[in-house]
Structures are given as structure tokens and as C-alpha cells.
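[1] Here is a sequence together with a model predicted from it:
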Amino acid sequence: MEIISRHQLLTISIIYQIGTTIIFGFASGAGRDSWLAVLISTCLGTAVVWIYTRITHFNPGLTYIECYPAQFGKLLGTPIAWLHPLLFLYISGRIVADIKNLVPTTILPGTPPWVILLFFMLVISYGLFAGIEVMGKLTEIILPIILLIYLIEVILIFSSGVVHFDNLSPLLDKGWGRIWEVVWPLGIIQSFGESLALALVWTLMNERKRVGRTMIISSLFAGLFIAFTDALAVAVYGEEIFKRATYPMYALIQAISVSDFITQLDATGVIYFCFMAFLKTYIYLFATIRSIQKLTYSNSSRVFIFPVVLIALFMGLTMAPNVVEHIAVVQKVIPYNPIYLSLMIVFPVLLFLVSWIRNKSGTAAS
Amino acid sequence: MRDYIWPWQSNVMMKHPWALPILFLILAVILSFVTWFRSKHAPQGQGQEQQ
């Protein structure tokens, strides 16, 4: 069985939770108060992640999706468990569509999207065959590099003289309404609720008792990272441009211009976006395949790799005709999608309560 | 009716937001039969993680 270390889980989780928000931004609907909305989402989202970790703690020896049949019974628990790989597959298709929209319009304008995606998915397939341990080692190397590039970019943005902190005030001038609109439910679902896929990785960690602490650290780190980046984007562009931009974080990199000499650093942003998207798609597909393996009682998961990857590729290619429609779905449909809300919030809370009560009564009986 | 064949597409999700959840529910119930069938033939404890 594959085993990953605590440090590897931490690096995987940080990259996964920051994910594609590094380009698409987070909570832009809250305007200049977006960083505050991110901080509130982080607090609530970390609580949701803690619930996920407690569920696996109360059900030792079982992966997250196996907890549903174990606690709710086979009749109710099995369909709920099957909803997870279906949702993971859909979300991986969405990330593939993100790549399809961003890469051809930025760094590879003449290349057909299907060619880019084909190679992207081939590398992911190779990673899935290599296993999660290899991916853990890769993230240990990549995370410091990404953070270093990010730090250099922040220094260059400040050096370009485009940061105007006046853009961040007045705080809460339009009240708490627009903050709550982005916090609930999208702010909690995005990045934090989506950590559900990581629950399929937790059982592979060598120090399982420290999963909860590791996930809380990664959630807080990712939240603070996104809040800082949001605040920086508002300080550079002001509220109106930040709210309207399709790729606010990508636009932030385009603002770099030091003495008209260091400019046009867009490619670095696309590169780290691609790695974030790569890892996120990888984890979703890994979780999909692992869930299917568990639910079909198969000995090997490798047989599911190519079919699952092909479905994700097909969904990504056919998801949306343009980026505007693609993002509109995230903002208007997904936050109120009953599958997202029930699998990420309602069912986990119920499962947590049932597991906790049974665990408590079992301890009392023994 | 043609819309319901591709419920993950953005235009279908905007027009019929319930199409995808319904498809997921139907698939989840159908796939559950695979689990119930295979669980009867699987050896005891197969699929459980080692502690």
C-alpha cells in the first residue's frame, strides 16, 4: 500500500486548496471587502474541513466514502457514497475546461485546445499510474518554487508603484450583505468544501492521528494566502475592475512594470496556474478512481484510470463554449446545486453526528 | 429533451439546474446495484484500509 508523509499531505493540501483561485480569484463579488470575505470563509471552511477529518477519525480503517454505508446502512449509504465519485468527476471536468479556456487565450494562442488538453491528461494519467506517493514528492519540490515565484512577483508589484492602499477603504461601506452573499455558500464550498476529495488521501498518511492538525494548518495557510492576494488585487486595480475582471489574479501579474524593463511576466502566472490545475485535477481523479475501486470491491484501481480520464477530458472539452458562460455557472448555479451543498455540508454534518454518537455510546458500553 | 443528454454543459446548467443532480441521483442508484451485487461475492473485509 502507498504511504505519504505528513509533510507531503501538507504540501498537497496547500496547493490543492489554493488551486485555481490563484488565477480566477475568490469572492470578487464582495468588491474591496473580498479579503474580509475570504477570511470569514476560511474560518467557516476550516470548521467544515475539521468535521471531515473527525469523520475519518471516528471510522478507523475506512475511507471517507465507506463511512456512509457503514453508518447509514447499505440501502441509504451506498447511493450517497456513489454520488461522491460522480461529483469529483464533474469537478475535474470543470478544471479541464478552465485549462481549455485560459491556456489558448494566453500563452498558446494558435494551438487547438484539444491538443493542449490531450497532453495535459496524458501527464495526469501517467501520474495516476505512478501513484500518490510520487505526487507527494513532486509537490514537496514544487510548492517552495511556486511560493518563491509568488514572492518575487509581489516584490515586483510593489516595485512597480501600482499598489494604492486607498483602494481598500472604506471598509464595509456597503454593509455585511455582499460579504455574506459570497461567504455562503460559495466561499465555504470553494477550496474548503472541495477538500472532501482529499479525504480519500488521508487514509494513506503514515501518521493518521495528525491528519486533522495538518488539514487545519493547510486550510488556514491557503485562506491567508488567498486573502492577501485578493487585497493586493483590489489595491492595484480598485473595486470596479477587480469585480469585472475574468482573471483578476492574472491581471495582477500583468500590472508588473519595473522601469519599463521587467514586464510581461504573464507566462509565470499561467505556469503556476497549470501546476495548481494539474494537481487539483489529479486529486479529483485519484479520489474518483479510489472511490470506484472501494465501491466495486476491486483489487486494483489501475483498470479505472483510462476510462475516468477519458470521461473527464470529454466533459472538459464539451463543458462550455466560452469562459463567460463557464464562470457564470460557478457564480449562479453551483452555489445552490443540491449535490454540492448536500455532499459538502449537509451529509458530512449528519455523518459526523451519527459517527460521534455511535463512537461515544460504543466507548461507554466498553 | 436533447438538453438532458448533456446536463454538465454550461448552457443546460443555466437553463435546467436540476438536470445534473437528477442524473447523478439516477446513476448513483444504478451503480449501487453493482456495489450490492459485488459485496455479496467479495471476501470479508476486502477493500478495508490497513490500520
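    That came through, no problem. Numbers count the residues shown, from 1 in each chain, chains lettered A, B, ... in the order given.
[2] rest of the way, CA atoms for contacts and neighbours
    Will do.
[3] Which positions within stretch A:178-186 qualify as buried?
    A:Arg178, A:Ile179, A:Trp180, A:Val182, A:Val183, A:Trp184, A:Pro185, A:Leu186 (16 or more other CA atoms under 10 Å in any protein chain shown).
[4] how about the nearest residue to the residue of the stretch 201-350 of chain A found nearest chain B, chain neighbours excluded?
    Residue nearest to chain B within the stretch 201-350 of chain A: A:Met319 (4.5 Å; CA to the nearest CA). Beyond its immediate neighbours in the sequence, the residue positioned closest to A:Met319 (CA to CA, 6 or more residues apart in numbering or on different chains) is B:Gln9, lying 4.5 Å away.
[5] Give the burial count for the one you found, as a bare number.
    Residues contacting B:Gln9 under the criterion other CA atoms under 10 Å in any protein chain shown number 23.
[6] and the stretch 151-300 of chain A, which of its residues are near chain B?
    Contacts of the stretch 151-300 of chain A with chain B, taken as CA under 8 Å from any CA of the partner chain, map to A:Thr203, A:Lys294, A:Leu295, A:Thr296, A:Tyr297, A:Ser298, A:Asn299.
[7] please redo it, this time with the cut-off set to 10 Å
    A:Thr203, A:Leu204, A:Asn206, A:Arg208, A:Ile292, A:Gln293, A:Lys294, A:Leu295, A:Thr296, A:Tyr297, A:Ser298, A:Asn299 (CA under 10 Å from any CA of the partner chain).
[8] Mark which of those residues are buried, thanks.
    A:Thr203, A:Leu204, A:Asn206, A:Arg208, A:Ile292, A:Gln293, A:Lys294, A:Leu295, A:Thr296, A:Tyr297, A:Ser298.
[9] re earlier: does the residue nearest to A:Met319 really touch A:Ala328, like I thought?
    No. Contact between B:Gln9 and A:Ala328 fails when scored by CA atoms under 10 Å: they sit 12.0 Å apart.
[10] and residue 20, what does it touch?
    Unless you meant another one, I'm taking chain A. A:Thr20 makes contact with A:26, A:95, A:98-99, A:191, A:249, A:272-278, A:280, according to CA atoms under 10 Å, 6 or more residues apart in numbering or on different chains.
[11] nope, chain B please
    A:87, A:90, A:337-339, B:4-9, B:12-13, B:26.
[12] can you redo these as a markdown table with pLDDT and distance to A:Leu117?
    Output for the contacts of B:Leu20, formatted as a markdown table (pLDDT from 0 to 100; distance: CA to CA, whole Å):
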| residue | pLDDT | distance to A:Leu117 |
| --- | --- | --- |
| A:Leu87 | 95 | 20 |
| A:Tyr90 | 94 | 16 |
| A:Asn337 | 86 | 27 |
| A:Pro338 | 89 | 29 |
| A:Ile339 | 90 | 27 |
| B:Tyr4 | 73 | 25 |
| B:Ile5 | 77 | 23 |
| B:Trp6 | 84 | 20 |
| B:Pro7 | 88 | 21 |
| B:Trp8 | 89 | 18 |
| B:Gln9 | 90 | 17 |
| B:Val12 | 90 | 23 |
| B:Met13 | 90 | 23 |
| B:Ile26 | 95 | 29 |
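[13] Show me how to select, in PyMOL, the buried members of those residues.
    Buried subset of the contacts of B:Leu20, written as a PyMOL selection, criterion 16+ other CA under 10 Å:
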select buried, (chain A and resi 87+90+337+338+339) or (chain B and resi 4+6+7+8+9+12+13)
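[14] For the contacts of B:Leu20, which two are the farthest from each other?
    A:Pro338 and B:Ile5 (19.5 Å; CA to CA).
[15] coming back round to it: sitting in helices, which of the contacts of B:Leu20 do you find?
    Among the contacts of B:Leu20, the members falling in helices (DSSP state H) are A:Leu87, A:Tyr90, A:Pro338, A:Ile339, B:Val12, B:Met13, B:Ile26.
[16] how about the residues you listed in a markdown table, adding distance to B:Trp36?
    Putting these into a markdown table (distance: CA to CA, whole Å) gives the following:
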| residue | distance to B:Trp36 |
| --- | --- |
| A:Leu87 | 21 |
| A:Tyr90 | 24 |
| A:Pro338 | 25 |
| A:Ile339 | 23 |
| B:Val12 | 33 |
| B:Met13 | 31 |
| B:Ile26 | 16 |
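[17] With respect to A:Asn167, which of these is nearest?
    Distances from A:Asn167 to those, taken by CA to CA, are shortest for B:Met13, at 35.6 Å.
[18] which residue sits closest to that closest one in space, ignoring its chain neighbours?
    B:Pro7 (6.3 Å).
[19] what about chain A, any weak spots by pLDDT?
    A:1, A:363-366 (pLDDT under 70).
[20] contacting residues around A:Gly175?
    Taking CA under 10 Å, 6+ apart, one finds A:Asp33 in contact with A:Gly175.
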